[in-house]
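A.B. asks: compute the structure for the input listed below.
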Amino acid sequence: MHETQYELIDDMLMGPCTLDSYWSVSLFVNDRYYIKLAPESFVMDIGKGDKCFLPFQYNDVDEWVLGEPFFRSFYTVFDDSKGLVGLAPSINYIHSSIIEGIVPNDELVHPHYEEQKKEEDDKKKNLPDDMNNPI
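C.D. replies: Modelled structure (predicted):
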């Protein structure tokens, strides 16, 4: 959740309801696809004032259990006979996506860090050419 202020209330993870307080969640699947969940699909207003429910639970294993926020964001087709799952972004959550083959670096940058990135890029412009390209 990075710098977002969240807390446990009645055993539920709660945080601010403003969507720009959160980063998207990107999952790398089958060494080929990045599946991006936008905050609009996992920040849920359940009537607790200015706090919204965040449907995440900590565990210490290297696995994810995908639940309702994921299946709301993507159409899914299960083929048990072939052991396959097909996915496509839902038209109801336009900010969720599937990107093939590349790391979506631009998607991993939080909007609040755009100014910092611009400053870093400006500093690089002042370096000698051989310092900008290490190869």
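A.B. asks: tell me the centre residue of this structure?
C.D. replies: Among the residues of the chain, the one closest to the centroid is residue 25, at 1.5 Å (CA atoms, centre = their mean).
A.B. asks: where in the chain is pLDDT low?
C.D. replies: Where the chain drops to pLDDT under 70, the residues are 1-3, 58, 102-135.
A.B. asks: and if we set it to 80?
C.D. replies: 1-4, 30-31, 57-66, 101-135 (pLDDT under 80).
A.B. asks: quick revisit: what's the spacing between the residue nearest to the centre of the chain and residue 80?
C.D. replies: Relative to residue 80, residue 25 is positioned 27 Å away (CB to CB, to the nearest Å). For the C-beta atoms, the positions are set from N, CA and C on the backbone; glycine is no exception.
A.B. asks: quick one: contacts for the nearest residue to residue 7 once chain neighbours are set aside?
C.D. replies: Using CB to CB, 6 or more residues apart in numbering and skipping residues adjacent in sequence, the residue nearest residue 7 is residue 14, 5.7 Å away. Applying CB atoms under 8 Å, 6 or more residues apart in numbering, we find residue 14 in contact with 6-8, 48, 51-54.
A.B. asks: out of those, who's the most crowded?
C.D. replies: For these, the largest number of neighbours (other CB atoms under 10 Å) sits with residue 52, at 23 neighbours.
A.B. asks: next, give phi and psi for it.
C.D. replies: phi -120, psi 150 (degrees, to the nearest 10).
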